[in-house]
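Just need the structure, nothing else, for what follows:
(chains A, B and C)
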Amino acid sequence: MPRTNRTEKSGVRLPLGERGDGRFYGAHILAVSQFTRTDLTYIFAVAQEMRTMVERLGAIDLLRGKILANLFYEPSTRTSSSFTAAMERLGGSVIPINEVRYSSVSKGESLPDTVRTLECYSDVIVLRHPETGAAARAAEFLRKPLINAGDGTGEHPTQALLDLFTIQEELGNLDGLTVTMLGDLRYGRTVHSLARLLRLYGARLNYVSPEILRMPRALIDELDQAGVEQHEYAELDDALPTTDVLYVTRVQKERFEAPAEYDLVKDAYIITPETLAQAKPDMVLMHPLPRVNEIALAVDNDPRAAYFRQMEYGLYVRMALLAMVLGKA
Amino acid sequence: MPRTNRTEKSGVRLPLGERGDGRFYGAHILAVSQFTRTDLTYIFAVAQEMRTMVERLGAIDLLRGKILANLFYEPSTRTSSSFTAAMERLGGSVIPINEVRYSSVSKGESLPDTVRTLECYSDVIVLRHPETGAAARAAEFLRKPLINAGDGTGEHPTQALLDLFTIQEELGNLDGLTVTMLGDLRYGRTVHSLARLLRLYGARLNYVSPEILRMPRALIDELDQAGVEQHEYAELDDALPTTDVLYVTRVQKERFEAPAEYDLVKDAYIITPETLAQAKPDMVLMHPLPRVNEIALAVDNDPRAAYFRQMEYGLYVRMALLAMVLGKA
Amino acid sequence: MPRTNRTEKSGVRLPLGERGDGRFYGAHILAVSQFTRTDLTYIFAVAQEMRTMVERLGAIDLLRGKILANLFYEPSTRTSSSFTAAMERLGGSVIPINEVRYSSVSKGESLPDTVRTLECYSDVIVLRHPETGAAARAAEFLRKPLINAGDGTGEHPTQALLDLFTIQEELGNLDGLTVTMLGDLRYGRTVHSLARLLRLYGARLNYVSPEILRMPRALIDELDQAGVEQHEYAELDDALPTTDVLYVTRVQKERFEAPAEYDLVKDAYIITPETLAQAKPDMVLMHPLPRVNEIALAVDNDPRAAYFRQMEYGLYVRMALLAMVLGKA
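Prediction:
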């Protein structure tokens, strides 16, 4: 039923004349698998321009008169606010649509009908949806670009891009790094997507998690076949000294069958100043936020603590994507 | 208690000097009955200008610095988003106020107090309210213009205007058309308002509905006295071949006393490609959305399916009304 | 853990070069106690400029490209809308974050983490929070300015400032006035803050309330030591004739142990045209809104009824504060 088919894997369409290059102009941003290394280099170059612009001017008028429909079927204030800020710093406007589940839009209406209605009002749609694959399904029906802001246990590509951009900005380079992922590696789509992107840069990946929250076998096999060096550890100490990037995720008590099991392991996954004492002096400590207690507050002032800067890099990446899909990058 | 009385039926006030004509400048938009045919011609001319502008430029600065208070006492994401987009495409800003029922604004506060407070912050108020007559009641207290975005079973004038504008834009003309209304004609304020507007254009109206959802007798009598040719049918087949505009509304199961009664009739009110095979080649197929299953998905790509374009025409009509009541049309 | 300490009592930081004066540039607005009389004179001068500007132009571009994160942990549509309008009338943009309690931002996340995240996206944060002291606690962690929009039974400084500005604009002067506060003087943070500010202007304060809702002893003592003349009354009649400003607050039935107790006193705290017949011809009648029945509707058209103008003055005060903390006043 789509009028035009724009869901080709690369996500790249021919330029329509507004700009010389036009890479990603009119494209949907659906999954990290749609990006080549060249794509990422380009996105990050635009994100760096956005960073420079924000630091110098605060905002510009690049997307003046453009409207973003920010369509969130489940709450995610952090992501929603980030896209809102990105659009506003580029001079554009936002139609905020939160908690669609309880609103008239969703009253029995199908997702395709909802996005086609919003397409009548806006220039680009950001979609957060609880069902895996919802973004790709919606995009089939659209003539205007859609950006996936997380669909169930599926993809959250802009999170993965901002994680990678954070590493580049903090270390100045993405090649040949040792990246250690800590915590809940089983359910965290964040670490899955980041691992897939790091494959393009010859990273060595360490996985540190409780037994029941190990990285899924299928993903390990997939990366193995792509030639990625991977190691699993039960404790951080063994992996920490050689780690360039430590990516911490939350270990939720509810994942364990018995509270006692949780109590046994929980302290092994909390980062304290003592942990950092054993880490490289220029290691990058990341976390997708929100954190609860998995990183001690006393760590916040350590220059290696990059998690709030990570939020800021997210703004630049989302600005870059919005500008690109609207042909203004 | 109103400071000035602006609820005169015509809705037209004297121009205050900002523009040559100033038709509707400062006026409230409360009910379709306030519009003459000349008014409608003028509104649609402005809406066409808006359409041209959006297609060429995307947005302009006509309402830059103006603020819309978008006050929704019940959720209606579609209408709310449409007004938000209309204001933003004209360069204005929006104060979004959703689910007022649960907010502090409504904590025992009367509607007149709430709108008078919002008037202190904004230049125009859009009001959606569950009670019939709420818009006119609120307008009594305001010095700034209010646009009724639906009040209970009362009026939803901008929906009626966009329906009529859709017909004009799709067919190029409004005079002497045969318009067939299908489905729930009893409770749908949409079809009631549209029927009243079509009276001004010498339309012939066909009503096709289950027995218990027939067009209200009072409305039929009202239009009859105004000289409108009306016909009632139990089945679409009899009316379809001569129909210029087919306006479909949803037949809700809950309206029937017994599920069996609903099952008996439901298929007669579902539009499929087979239905369209018997229709005029340039017939306009409309629906106020959201649809559930009353129009098959397979119909969406038929050029006669105008329901998503209808949403877009709604944007232009609302842009026109906002510009007009703010004296900038 | 704060990177810089900006919570000094005066709230004034050195200018950073953007403007000659820069008073309050980068400062947090946390409590009325941070303001000297000179500060208030300055704020009100800027608020007057804002008033003139809005009346003449509607809006300007002073804060174009600036972003306000409007963070409301509890609903307060009135205050939230006022800040939104203030930012938009200055050409800035808003990230609206309502009902945080139910959103992902708050999912176990600490207030400091939430505001530090929002600081990555925005230029200024407005915070409404149910816990006393929340604003000061959050500000400790921020490099960008925070404005307290009410924290529990603590402070709501912008309300107090707008109350005082209302008196100045209505009477042309703030010195030596007799201000009578009526109703619930025990729980109303509004009257507490206003009383503290009026101390700077040699006001004589009258308190009229039911026995169980009297002004707190501690506050009376505090103002007594500062030399403020204070009088308590059980009935308005005794205080009314010499009153320059009558500040009405709501007496809530729920505050009384027995409904009969409430019924005994309630009529003594309702303002009617008869009440005003005994008041000075230029008395200013104020109310923080929403009102329920404590001021009769018949009073609304009396020129002394200033409560809706009070909302408008609030807009100007908030515009002034936003411009000031962003270094653009």
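
The helix or strand where residue A:83 lies and chain C, any residue contact?
Using DSSP states H and E, residue A:83 sits in helix A:77-89. Yes. Applying C-beta under 8 Å from any C-beta of the partner chain, one finds helix A:77-89 touching chain C at A:77, A:78, A:81, A:82, A:84, A:85, A:88, A:89. From N, CA and C alone the C-beta is placed, and that goes for glycine too.

and that helix, does that touch chain B?
No. With C-beta under 8 Å from any C-beta as the criterion, chain B is not reached by helix A:77-89; the gap is at least 10.7 Å.

What is that helix packed up against?
Judged by 3 or more C-beta pairs under 8 Å, 6 or more residues apart in numbering or on different chains; DSSP states H and E, helix A:77-89 is in contact with strand A:67-72, strand A:93-97, strand A:124-129, strand A:146-151, helix A:307-325, strand C:67-72, strand C:93-97, helix C:111-121.

which residues are contacting the first one?
Under the contact criterion C-beta atoms under 8 Å, 6 or more residues apart in numbering or on different chains, strand A:67-72 has outside partners A:79-80, A:83-84, A:87, A:92-100, A:114-115, A:118-119, A:121-128, A:149, A:322, B:59, B:81, B:85, B:88-89.

How far off centre is stretch A:42-59?
18 Å (C-alpha atoms, centre = their mean, to the nearest Å).

Is any residue of it near chain B?
No. Stretch A:42-59 stays clear of chain B (C-beta under 8 Å from any C-beta), getting no nearer than 15.0 Å.

Which residues in that stretch does the neighbour count mark as buried?
For stretch A:42-59, a neighbour-count test (16 or more other C-beta atoms under 10 Å in any protein chain shown) marks A:42, A:43, A:44, A:46, A:47, A:48, A:50, A:51, A:53, A:54, A:59 as buried.

next one: stretch A:151-166
For stretch A:151-166, the neighbour count (16+ other C-beta under 10 Å) marks A:151-152, A:154-166 as buried.

So which of those residues sits lowest on pLDDT?
Within the buried residues of stretch A:151-166, pLDDT reaches its minimum at residue A:154, with 82.

Does that residue lie in a helix or a strand, and which?
Under the criterion DSSP H and E, no helix or strand holds residue A:154.

show me what contacts residue A:57?
Listed by C-beta under 8 Å, 6+ apart, the contact partners of residue A:57 are residue C:65.

how close does it sit to residue C:322?
19 Å (C-beta to C-beta, to the nearest Å).

Tell me which residues are up against stretch A:318-329.
Contacts for stretch A:318-329 (C-beta under 8 Å, 6+ apart): A:15-16, A:18-19, A:21-29, A:43-44, A:46-47, A:49-50, A:54, A:62-63, A:66, A:68, A:82-83, A:86-87, A:89-90, A:92, A:123-124, A:145, A:147, A:158, A:161-162.

which intervals of chain A have sub-threshold pLDDT?
A:1-21, A:99-107 (pLDDT under 70).

how about the nearest residue to the residue of chain A found nearest chain B, chain neighbours excluded?
Of all residues in chain A, residue A:65 sits closest to chain B, at 3.1 Å by C-beta to the nearest C-beta. Spatial nearest neighbour of residue A:65, chain neighbours left out: residue B:59 (3.1 Å); criterion: C-beta to C-beta, 6 or more residues apart in numbering or on different chains.

Looks to me like the one you found is in a helix.
No. Residue B:59 is assigned coil when assessed by DSSP: H, G, I helix; E, B strand; the rest coil, not a helix.

show me what contacts it?
A:64, A:65, A:66, A:67, B:88, B:89, B:90, B:91.

all helices for the stretch 101-250 of chain A, in order.
Secondary structure of the stretch 101-250 of chain A (DSSP state H, counting those that start in this stretch): helices at A:111-121, A:134-139, A:157-171, A:189-198, A:217-225, A:236-239.

and the second one, what other elements does it pack with?
Right, helix A:134-139. Counting by 3+ C-beta pairs under 8 Å, 6+ apart, helix A:134-139 packs on helix A:111-121, strand A:124-129, strand A:146-151.

separation between the residue of the stretch 51-200 of chain A found nearest chain C and residue C:205?
Chain C sits closest to residue A:59 of the stretch 51-200 of chain A, with a gap of 3.1 Å, by C-beta to the nearest C-beta. Going from residue A:59 to residue C:205 by C-beta to C-beta gives 46 Å.

Residue A:196 now?
In terms of C-beta to C-beta, residue A:196 sits 68 Å off from residue C:205.

next one: residue A:239
Distance, residue A:239 to residue C:205, by C-beta to C-beta: 67 Å.

How about residue A:276?
Distance of residue A:276 to residue C:205, computed by C-beta to C-beta: 56 Å.

So these two - more neighbours on which side?
Per other C-beta atoms under 10 Å in any protein chain shown, whichever of residue A:276 and residue C:205 has more neighbours is residue C:205, with 24 against 21.

Hmm, the more buried one is touching residue C:197, no?
No. Applying C-beta atoms under 8 Å, one finds residue C:205 not in contact with residue C:197, separated by 11.3 Å.

Now for residue A:108, how many residues are close by?
For residue A:108, using other C-beta under 10 Å, the count is 12.

Relative to residue B:250, how far out is the residue lying closest to it once chain neighbours are set aside?
Once flanking residues are discounted, residue A:108 sits nearest to residue B:292: 4.6 Å by C-beta to C-beta, 6+ apart. Applying C-beta to C-beta, the value for residue B:292 to residue B:250 is 6 Å.

So the two - more neighbours on which side?
Here residue B:292 and residue B:250 are compared on neighbour count by other C-beta under 10 Å; more neighbours surround residue B:250, at 20 against 14.

does the residue of chain A positioned farthest from its centre sit in a helix or strand, and which one?
Largest separation from the mean C-alpha position in chain A: residue A:260, at 33.0 Å (C-alpha atoms, centre = their mean). Residue A:260 belongs to helix A:259-265 when assigned by DSSP H and E.

Same list (the buried residues of stretch A:42-59) but as TSV, adding distance to residue C:329.
TSV is the format used below for the buried residues of stretch A:42-59 (distance: C-beta to C-beta, whole Å):
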residue	distance to residue C:329
A:42	41
A:43	39
A:44	38
A:46	35
A:47	33
A:48	33
A:50	29
A:51	28
A:53	25
A:54	23
A:59	19
